[in-house]
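S.K.: quick one: sequence and predicted model below, then my questions.
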Amino acid sequence: IVAVEDDRTGTSLETLKRAIMDNLFYLQARFPSVASRNDFYMALSYTVRDRLLQRWISTAETYLQQGSRTVCYFSAEFLLGPHLGNNLINLGIRQEVEEAVNELGLDIEELLNQEEEPGLGNGGLGRLAACYLDSMATLEIPSFGYGIRYEFGIFDQEIRDGWQVEVTDRWLRYGNPWEIPRPEVRMPVKFGGHTRSYTDSDGHYRVIWDAHHVVEGVAYDTPILGYRVNTANTLRLWRAEAVESFDFQAFNTGNYYGAVRDKITSENITKVLYPNDEPLQGKELRLSQQYFFSSSSLQDMIRIYLQHNPDLSKFHQKFTVQLNDTHPAISVAELMRLLVDDHHLDWNTAWNVTQHTFAYTNHTLLPEALEKWPIALFQYLLPRHLEIIFEINQRFLDQVRLHYPGQSDPLARLSIIDESGERYVRMANLACVGSYAINGVAALHTELLKATVLHDFYQLYPERFSNKTNGVTPRRWVVLSNPGLTGLISEQIGDGWIKDLDQLGQLEPLANDHHFRACWGKTKHDNKVALAEHIQAKTGIIVDPNSLFDIQVKRIHEYKRQHLNVLHIITLYQQIKDNPHLDITPRTFIFGGKAAPGYFTAKLMIKLITAVGDVVNRDPDVAGRLKVVFLPDYNVTFGQRVYPAADLSEQISTAGLEASGTGNMKFSMNGALTIGTLDGANVEIREEVGAENFFLFGLTTPEVQALGAKGYQPWDYIQSNPQLKRVLDLIASGHFSHGDTNLFQPLLSGLWNQDKYYLMADYQSYIDCQQQVSQAYQNREQWLAMSILNTARMGKFSSDRSIQDYCRDIWHVSPVIIKLNG
Ligand code: 26M
């Protein structure tokens, strides 16, 4: 007889098989003969979850007992990707589970593919938060993630007639075995109404906020297990539920249906994730989401704190909060409100706590992406917070005045309130004033922040600024996604690199080893074959695994310049049309990425890619030497297939505009070479891998700035470059649009007239650089050596390194080792 504990935590073959069958019966209520693939996926997931929970509970107990300093990572997005495979890797039971599953007559790959990924993020920012959770758990750092449990994550993308079509992401449809609902953990969150003040019996000035309505935040927890450690931290996501208070019912007396309608309105708050790249102006629901999760999370932290410490004036010694962009910046005002209004701290004490609690990460320099909310909206939704922000601002500007006597310009720029026209609350300014640390996400980005967007704050508080270059977790992005490469590397240097990525440096001498190169090449080829099969299954397009796989996957955006990539494709196509016998390096161009639903130009870029593909892929003159594939619905799951199969990584944003990029790191770790501009983390990747192992092109940031200042004229470049002009003319002629000369006009006239992102200026440099890529690929031995060196020199870009930097320079937290109880 097996004891309950052994039965639910053991990893022997028999125990695992028994557990899967038990879960199938008792949780899914199915016999094997009628069970669907999803039933088996669920049964297996619960089996793995049982083995997480022991660690998770021990972790929670240890944190509670030790009261260690804790990081809270506040983020509106966590783009986790599928859990099952990752948890198998981190638990170290992938092998055993595969065997158990086989013996039950099932296929582990099929079960893994069954998982619907939680797409609770747009792209880089949300995926970064997920990598950081993995690293914090692996490094045994006491930490919580706090965010929003969206019922509908980022939309699913379909391509119909070459255009993007958005489909609702119903990821919770068949249940989510990885979350543990905590219906007893509920936080009231108020909205609207009015404030009033009075003086209490001790003579204290007090403010009461009589809200228009209250919504409850209910906690849903997901355990985040570290790699081969006992630490399992918590990601706590909040779901909005309506409250049916006595007042609420009384108010709706005789209006039962009206009350139910109001209930639905409350629950709308956590219905859907907003795509970025959409103007947020006046999106009341978006501000509601931000406030809802900020308030729920801070209330939860205060509740936990008060269980052991009565004195909130030391709150910042126990907790630090990282603000992932300005989405949770309202937290600055909310913590002040909770401390002053609800817990009766005096203003100065509360401000001291607040100011020592928050740290702020900026993720973009694009001016249109800086969040600001109309004062009227604030007044209507968060009247008390507006008062608090005015008070913070007044005290702040009094300080600034001492710094800039008699000068009004710096004051106007630093003010939390934008008064240049309609009045707005500037969230980045609120975040800067309320934080003890401010950082950018790559060296260049941080320098540009200090020089431009946050220049005035840098002048005022230089000591708050630092750089924290992004990183990605090698557990998901190499071990899980690229088992072939993982095996090859570990055979040579052991598996210490998985937790200490600098050890990849030991591969360097092997770049000269002919046999190792051959194995490296074989692994890449196998991954390309697998991707080719996937492409054929999804799109029907047949691609040649011996061709150069040239890949650009990321959100579709003009500044990321997918259309520059297309201009290169058309250039090659025209060269072939001119000379069908041209000796050319065969290439497969693979694109993936979503466009924001309201971003017309980005959607037209997708149409251009698919339209060019339709012509090029079919043209007999091309004879299969060029293929263009747009793979629909790029997400984490697809990323895991695509990075391991890439030869060339496209990182071609206009210099100065991509804050960091993280896909660039995933590609290089998996042995792809990069063609890129000196932008974001590309700069540091090139420094690490060596200029000779990186294909650099394009204007530098200062050159872009200088060109803009002297008056950039794109037609100068077009008129002096017949090849470029021919490419643009071919698009305009309707060659890729069944003769329709209007279809791509909006894109083309953008390039002819303003060309905001300098494609014309960078075109020739890009084409020349691509020519070097094609040549380099012909020298297979040399290419393989470069590929090995790229992987070997990527140690810096582990998110473990990033998290250690945050711990040391900003958070001042240290690891807490978890022992298993029981
Ligand atoms: C919003 C409205 C209109 C136009 C653009 C926006 C917008 C653009 C970018 C809003 C938010 C944006 O950034 C969010 C984001 O994901 N930033 C990415 O963060 C990653 C992690 O730090 C970086 O690697 C990426 O370079 C950065 O783009």
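M.R.: In hand now; what should we look at?
S.K.: any idea how many residues pack against the residue in the stretch 401-550 of the chain positioned nearest to the ligand?
M.R.: Closest residue of the stretch 401-550 of the chain to the ligand, CB to the nearest ligand atom: residue 441 (4.0 Å). C-betas here are computed from N, CA, C, even on glycine. By the measure other CB atoms under 10 Å, the count of residues near residue 441 is 29.
S.K.: show me what contacts it?
M.R.: Counting by CB atoms under 8 Å, 6 or more residues apart in numbering, residue 441 makes contact with 128, 361-363, 467-470, 659-660, 680-681.
S.K.: mind running it again at 7 Å?
M.R.: By CB atoms under 7 Å, 6 or more residues apart in numbering, residue 441 lies in contact with 361, 363, 468-470, 659-660.
S.K.: just residue 210 next, same as before
M.R.: 193-194, 196.
S.K.: residue 279: which of those residues is nearest?
M.R.: Taking CB to CB as the measure, residue 279 lies nearest residue 193 of those, at 27.7 Å.
S.K.: would you list the phi and psi of the closest one?
M.R.: phi 80, psi -150 (degrees, to the nearest 10).
S.K.: endpoints of stretch 83-97, how far apart?
M.R.: Chord length of stretch 83-97, first to last residue, is 15 Å (CA to CA, to the nearest Å).
S.K.: what distance separates it from the centre of its chain?
M.R.: Between the centre of stretch 83-97 and the centre of its chain there are 23 Å (CA atoms, centre = their mean, to the nearest Å).
S.K.: same thing with stretch 172-184?
M.R.: 22 Å.
S.K.: what's the answer for stretch 336-350, then?
M.R.: Put simply, stretch 336-350 sits 34 Å off its chain's centre (CA atoms, centre = their mean).
S.K.: pull the residues that contact it.
M.R.: For stretch 336-350, contacts defined as CB under 7 Å, 6+ apart pick out 207, 209, 298-299, 302, 312-313, 351, 353-354, 384-385, 388.
S.K.: let me know the closest of those residues to residue 672.
M.R.: Nearest to residue 672 among these: residue 298, at 41.9 Å, using CB to CB.
S.K.: and the closest one, which helix or strand is it part of?
M.R.: Per DSSP states H and E: residue 298 is located in helix 284-306.
S.K.: what does that helix contact?
M.R.: Defining contact as CB under 7 Å, 6+ apart, one finds that helix 284-306 is touched by 72, 74, 76, 146-148, 185, 187, 189, 191, 215, 217, 238, 240, 268-269, 274, 280, 315, 318-319, 327-328, 330-331, 334-335, 338, 373, 377, 381-382.
S.K.: mind running it again at 6 Å?
M.R.: Residues outside helix 284-306 that contact it (CB atoms under 6 Å, 6 or more residues apart in numbering): 146, 148, 187, 189, 217, 238, 269, 274, 280, 315, 318-319, 327-328, 330-331, 334-335, 338, 373.
S.K.: could you list which of the contacts of residue 441 belong to strands?
M.R.: If you go by DSSP state E, the contacts of residue 441 have residue 361 in strands.
S.K.: what about the helices in the stretch 1-150 of the chain?
M.R.: 4-9, 13-26, 37-66, 84-91, 94-103, 108-114, 124-138 (DSSP state H, counting those that start in this stretch).
S.K.: nearest to the ligand among those would be which one?
M.R.: For the helices of the stretch 1-150 of the chain, proximity to the ligand was assessed by CB to the nearest ligand atom; helix 124-138 is nearest, at 2.9 Å.
S.K.: from the chain's centre, how far out does the closest one sit?
M.R.: Between the centre of helix 124-138 and the centre of its chain there are 8 Å (CA atoms, centre = their mean).
S.K.: so it versus helix 37-66, what angle?
M.R.: Relative orientation of helix 124-138 versus helix 37-66 (axes from the mean of the first three to the mean of the last three CA atoms, to 10 degrees): 60 degrees.
S.K.: that'll do, ta.
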